[in-house]
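Undergrad: show me how the following folds:
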Amino acid sequence: MAALILLLNASPGHAVRIKDVADVQGVRQNQLVGYGLVVGLNGTGDGKKARFTIASVASMLEKMGVTIDPEDIQVDNVAAVMVTADLPPFSRLGSRIDVLVSSIGDSENLQGGTLLFSPLRAADGQVYAVAQGPVSTGGFSAEGAGGKVQKNFPTVGRVVGGALIEREIPNQFGQKEVLSLILHRPDFTTTSRVAKAINTALNDNLAQTPDPGTIHIKVPEGFQGNTVALVTLIEGLEVIPDAVAKVVINERTGTVVMGSEVRISTIAIAHGNLSIQIKESAEVSQPLPFAEGETVVVPETELSIQEGNSRLFLVDPGISIGELVKALNALGVSPRDLIAIFQSIKAAGALQAKLEII
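TA: Here you go, the predicted model:
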């Protein structure tokens, strides 16, 4: 696979919305999880080894007034699954969300099954939603005596709009007196710029920065009880985010990603390639007719060596990444060689950036 070089050489003056670099504290999703049964499978359910599936079916039937010996239950058409979902912020009673079902037994395929009534609980142990409905796997699996064909993962499926919200998460967002913004990437400079942009827009010193990842905003009197309008105003403001100069190298794929703030001190670079090629072939040596001797195989080796003729390249102080890459490309440097060069530049103390190898 050919290596790929990505150069992030964005303009330093490029501004982004605050909405894209920070989140409002408390406005987030909550994870839900539950246990359920998928029925109606075409013989691809759990087998006798999944004792918990048999026990679940027996318990479900007993709650419905049907008493049966678990030894008499066949679960070929039933699969035990874990049901997971994300509860969006400000979700209301009666709204629906998608759920994901994943087999936890030895079921081979959930295609065509139906998820039965499954309560979904949050970390506090309370039931916030109930899931039920047909399962869509988005794939298939078919097999015969001599082969098998499978697309995607039929042991995982989705129930679109299958969970009905039964409990709301209490919040007093509209009555908040102080809002908090959390940066996706904490940075002293970016935090200061965000606070400055907010104070300028509100024409007051209402935004404070207690740490490099948080901005506290006091809700103005004109926005009391109308916090949504204030957040809308703040999210639309533009700032220029700052970032640490960094070079990220993936040695497995040969990928090099360089930020626009990376700078190189004065240094001279020379990089040469040595290519050694060895070809071996077998020749048969056979004696002349009526001559004494044996037929033998004689190996022949062809050896060729090529050495690259690279020039010495002088890097001026403060050169940008774009100029450096153009110069290295002119020398015919491959992505793999570029990785070795950057490691050597860092070792020489001339790379004014963090070097991260993943």
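Undergrad: just checking, next helix/strand downstream of the longest helix seen in the chain?
TA: Using DSSP state H, we find that the single longest helix of the chain is helix 188-202. Of the helices and strands lying after helix 188-202 in sequence (DSSP states H and E), the nearest is strand 207-211.
Undergrad: so which bits of that next one are buried?
TA: By neighbour count with 16 or more other C-beta atoms under 10 Å, strand 207-211 contains the buried residues 207, 209. C-beta here means a position set from N, CA and C on the backbone, and glycine is covered the same way.
Undergrad: hang on, the earlier thing: let me know the average pLDDT across the longest helix of the chain.
TA: If you average the pLDDT over helix 188-202, you get 94.
Undergrad: buried residues in that helix?
TA: Buried residues in helix 188-202 (16+ other C-beta under 10 Å): 190, 191, 192, 193, 194, 195, 197, 198, 202.
Undergrad: so which of those comes closest to residue 268?
TA: Of all those, residue 268 sits closest to residue 190, with 35.8 Å by C-beta to C-beta.
Undergrad: any idea how far the closest one lies from residue 20?
TA: Using C-beta to C-beta, to the nearest Å, residue 190 is found at 12 Å from residue 20.
Undergrad: cool, and residue 134?
TA: 37 Å.
Undergrad: residue 354 too?
TA: Distance from residue 354 to residue 20, by C-beta to C-beta: 23 Å.
Undergrad: give the burial count for the residue nearest to residue 108 when sequence neighbours are not counted, as a bare number.
TA: In space, and not counting its chain neighbours, residue 108 is closest to residue 44: 4.6 Å by C-beta to C-beta, 6 or more residues apart in numbering. Residue 44: 20 surrounding residues under other C-beta atoms under 10 Å.
Undergrad: quick revisit: how distant is the longest helix of the chain from the center of its chain?
TA: Here the centre of helix 188-202 is set off from its chain's centre by 30 Å, with C-alpha atoms, centre = their mean, to the nearest Å.
Undergrad: give the bridge partners for residue 355, please.
TA: Per DSSP bridges, the residues bridged to residue 355 are residue 247.
Undergrad: need the pLDDT of it.
TA: For residue 355, pLDDT reads 84.
Undergrad: with residue 276 instead?
TA: Confidence score, pLDDT, at residue 276: 44.
Undergrad: now for the helix or strand hosting residue 257, which elements pack on it?
TA: If you go by DSSP H and E, residue 257 is part of strand 255-258. Contact here means 3 or more C-beta pairs under 8 Å, 6 or more residues apart in numbering; DSSP states H and E; on that basis strand 255-258 packs against strand 5-7, strand 246-250, helix 335-347.
Undergrad: ok, that strand: who's next to it in the sheet?
TA: strand 5-7 (parallel), strand 246-250 (antiparallel).
Undergrad: what's the least confident stretch among these?
TA: Among the strands paired with strand 255-258, strand 5-7 scores lowest, at a mean of 39.
Undergrad: rewinding a little: please tabulate the helices and strands packed on strand 255-258 in CSV and include mean neighbour count and distance to residue 224 as additional columns.
TA: Shown next, in CSV, are the helices and strands packed on strand 255-258 (neighbours: other C-beta atoms under 10 Å; distance: least, C-beta to C-beta, whole Å):
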stretch, mean neighbour count, distance to residue 224
strand 5-7, 13, 47
strand 246-250, 18, 43
helix 335-347, 17, 53
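Undergrad: nearest to residue 207, out of the ones you listed?
TA: It's strand 246-250; of those, that one is closest to residue 207 (C-beta to C-beta) at 27.8 Å.
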